[in-house]
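1. pasting the sequence and the predicted model now:
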Amino acid sequence: MDCFRCGDGVIFIIFAQTLLLVLLLSSDSKPVEADDDKTIVQKICSQTLEPDACLNCILADTGRGPSNVTDFLTYSILFCMYSQAIYGHQCADHLFQTTAAVNLKKSFQVCKDTLFSASNTLWDGLTKLEVSDYNNAHLSTRIAHLDLFRCVFAFRKYANLPIPSVLLNYMVQVKRLFDVAQFMFLLID
């Protein structure tokens, strides 16, 4: 039973480690302030093509803690893209249901379907990001971005009218957040 015997050196090391732990836990440590995190976010967002969209999205996400800053920021941006795609889908669906003009109705149908597809693809990207599958998360983001163009082309093909501003606003937000996401994925690589 030599493993239970303690020499004088072992007792001293255990005592020193305990004392050091007590001193560290009782010392006046200054917590990281939220302003420090906000400053980091502002610096990163200022480097993107869409700093306002980036900052608005990141500062609105208070539910996730930054274990890895770039992962946290990228996840937040993708989640904002996902949310805007969902809102765009709901808007297009409402316009589809309340429109009587055949060509316009066809355009809204394509838009609601493609924005729904974009939101599902972005959700896939979020789940891939959670398991650190960055390449496939980035691919999902690019595919969702392409879905926006299918909606634009539908309006040109079927209605030859501009996209209503209420729907266009959601699509523009998704596009701006896509530009931010591109930069965030560069930081991860």
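-> Received the coordinates, thanks.

2. helices of the chain, start to end?
-> For the chain, the helices defined by DSSP state H occupy 8-26, 34-45, 51-60, 69-98, 102-130, 134-154, 165-188.

3. for burial, what's the neighbour tally of Ile40?
-> Neighbourhood size, Ile40 [other Cβ atoms under 10 Å]: 14. Heads up, the C-betas are built off the backbone N, CA and C, glycines and all.

4. that one is in contact with Val69, isn't it?
-> Yes - using Cβ atoms under 8 Å, Ile40 is in contact with Val69, at 6.5 Å.

5. reformat the helices of the chain as TSV; add mean pLDDT.
-> Shown next, in TSV, are the helices of the chain (pLDDT from 0 to 100):
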stretch	mean pLDDT
helix 8-26	48
helix 34-45	75
helix 51-60	89
helix 69-98	93
helix 102-130	95
helix 134-154	94
helix 165-188	94
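
6. quick check: the gap between Ser76 and Gln84.
-> For Ser76, the distance to Gln84 equals 13 Å [Cβ to Cβ, to the nearest Å].

7. an error on my part: the question was meant for Cys57.
-> According to Cβ to Cβ, Cys57 and Gln84 sit 9 Å apart.

8. need the overlap of contacts for the two.
-> Residues touching both Cys57 and Gln84 (Cβ atoms under 8 Å, 6 or more residues apart in numbering) are Leu177.

9. surely Phe96 touches Val110?
-> No - checked against Cβ under 8 Å, the pair Phe96 and Val110 is beyond contact range at 9.4 Å.

10. pull the contacting residues for the closest residue to Gly88 other than its chain neighbours.
-> Leaving aside its chain neighbours, Gly88 sits nearest to Tyr170 (3.4 Å; criterion: Cβ to Cβ, 6 or more residues apart in numbering). By Cβ under 8 Å, 6+ apart, the residues touching Tyr170 are Gln84, Ala85, Tyr87, Gly88, Cys91, Leu115.

11. ok, 7 Å please
-> Contact analysis of Tyr170 by Cβ atoms under 7 Å, 6 or more residues apart in numbering lists Gln84, Tyr87, Gly88, Cys91.
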